[in-house]
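Peer 1: Fold the following for me, if possible:
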Amino acid sequence: MVKYSLFNKKIIALFLCFNLFAINVVSQHISTASFSRLGFGSRGIALSNAMNSVIYGEVTGYYNPAVLPFSNLKMASLTFGILSLDRELDFLHYTQSLYPTAGFSIFLIRAGVKNIDSRDVDGHHIENLSTSEFQLGFAFSNRIIEKLSAGLSLKFYYNKLYREMKTQTLGIDFGVLFKFNDNITVGASIHDINAKYKWDSSIIYQEKGRTIVETFPKTISLGLTYAIKDIFFTSIEYDNIGREKFFNLGSELYPLYFITDGFKQSLAIRGGVRLFQNYLDFSLGFGLSRKIGNFVVFFDYAYRFERYSPSGMQLLTLGLKL
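Peer 2: Just a heads-up that it's a prediction; the model follows:
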């Protein structure tokens, strides 16, 4: 009995800590794999994830695989997250256009909670526990016609909750994008088709264990972007995650375009807002870039306010464009 009580306390602590990643998706029933819906990288999160129809600058297949044929770049980046409450969140990605009409992207998200204090029934410290969760994605898309593209993403999830308690699943994303002209693009995507976690506690409880299936909430996203290339863009997005609805607005400005010809895109200022019911979630950031030979090195920073956290989320990205 003591063994089961001990285990229950550990599992409760793990779930409470790990679900801290759900603070930006709010509702408990959409907290499954919530780390994968926080956004991707400094730029995306600084723009409040209003990236479904953005085809300029640093793009990935994470938000909408259909944007990839329009990127016309080779890009790689690494992002480190600075989060409170012993949480960890990091990103890695590579995107490349495939001349003349296609593109692909590989991306990785790593999330987790460390230093979880495990104690026995008398309150004595036993050990420090941790959780870890990963998403590895591969996205490919092609232009159907000159202004219309469609894409597909395959995403492998892996979750290690507690020692032998592990699970994995495969999710599928599908997206389309239409470029009206040089200024206006619209995009739509559906995420996490067929994704679900299957937990088997018999590995701990033996004959008293049971199997639980957690189905991922489907995410449907619709985006509209208005851009003046190399100067600014504004993007608005509607997300339906499970039964919850979100509106995202993000803008990016290159202020040096009006000052000097040599450094038009060397500085980007970003900001975004997410609306959920009567709550606003703000984010902001900037980007710096410098051309060195045939390469462009860039650095991005983002800060996102978190409603239930003692401090906001900070993200640092270092990347390379070819």
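Peer 1: all contacts plus neighbour counts: C-alpha atoms, from now on.
Peer 2: Will do.
Peer 1: what about the most centrally placed residue in the chain, which SS state?
Peer 2: Among the residues of the chain, the one closest to the centroid is Gly39, at 2.7 Å (Cα atoms, centre = their mean). Here Gly39 takes the coil state, with states given by DSSP: H, G, I helix; E, B strand; the rest coil.
Peer 1: Next: the one 4 residues further on.
Peer 2: Put simply, Arg43 is helix when judged by three-state DSSP.
Peer 1: That one and Lys160, how far apart?
Peer 2: Noted for Arg43: a distance of 28 Å to Lys160, by Cα to Cα, to the nearest Å.
Peer 1: can you map out the helices along the stretch 101-250 of the chain?
Peer 2: 202-205 (DSSP state H, counting those that start in this stretch).
Peer 1: can you map out the strands along it?
Peer 2: Per DSSP state E, counting those that start in this stretch, the stretch 101-250 of the chain has strands spanning 102-119, 125-145, 148-162, 165-179, 184-193, 196-200, 211-215, 219-228, 232-241, 244-253. These are given in chain order.
Peer 1: in the first one, what's buried?
Peer 2: Within strand 102-119, the residues that qualify as buried by neighbour count (16 or more other Cα atoms under 10 Å) are 102-114, 116, 118-119.
Peer 1: Give the bridge partners for Ile292, please.
Peer 2: Applying DSSP bridges to Ile292 yields these beta-bridge partners: Phe295.
Peer 1: Out of Arg43 and Lys160, name the residue with the larger neighbour count.
Peer 2: When neighbours are counted by other Cα atoms under 10 Å, Arg43 comes out ahead of the other of Arg43 and Lys160, with 30 against 16.
Peer 1: Check whether the more buried one really touches Tyr301, as I assumed.
Peer 2: Yes - under the criterion of Cα atoms under 8 Å, Arg43 lies in contact with Tyr301, with a separation of 7.4 Å.
Peer 1: Quickly list what's touching both of these two.
Peer 2: Counting by Cα atoms under 8 Å, 6 or more residues apart in numbering, the contacts common to Arg43 and Tyr301 are Gly285, Phe286, Gly287.
Peer 1: Show the end-to-end separation of stretch 267-287, please.
Peer 2: The first-to-last residue distance of stretch 267-287 comes to 6 Å (Cα to Cα).
Peer 1: Contacts made by it with the rest, please.
Peer 2: Identification of contacts with stretch 267-287 by Cα under 8 Å, 6+ apart yields 42-43, 45-48, 50, 245-256, 266, 288-289, 298-307.
Peer 1: Any stretches of the stretch 201-322 of the chain with poor pLDDT?
Peer 2: Scanning the stretch 201-322 of the chain for pLDDT under 70 picks out 260-263.
Peer 1: State the number of residues packed around the spatially closest residue to Ile184 that is not a sequence neighbour.
Peer 2: Taking Cα to Cα, 6 or more residues apart in numbering as the measure, Ile184 lies nearest to Tyr226, with 4.7 Å between them; neighbours along the chain are not counted. For Tyr226, the tally of surrounding residues (other Cα under 10 Å) stands at 19.
Peer 1: Does Tyr226 touch Glu237 like I think?
Peer 2: No - in this structure, Tyr226 sits apart from Glu237 without contact. The criterion is Cα under 8 Å, and the distance is 11.9 Å.
Peer 1: CSV for the shared contacts of Arg43 and Tyr301, including secondary structure and distance to Ser221?
Peer 2: As requested, the shared contacts of Arg43 and Tyr301 are exported to CSV (DSSP: H, G, I helix; E, B strand; the rest coil; distance: Cα to Cα, whole Å):
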residue, secondary structure, distance to Ser221
Gly285, strand, 23
Phe286, strand, 25
Gly287, strand, 25
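Peer 1: Now which of those would you call buried?
Peer 2: With neighbours counted by 16+ other Cα under 10 Å, these contain buried members at Gly285, Phe286, Gly287.
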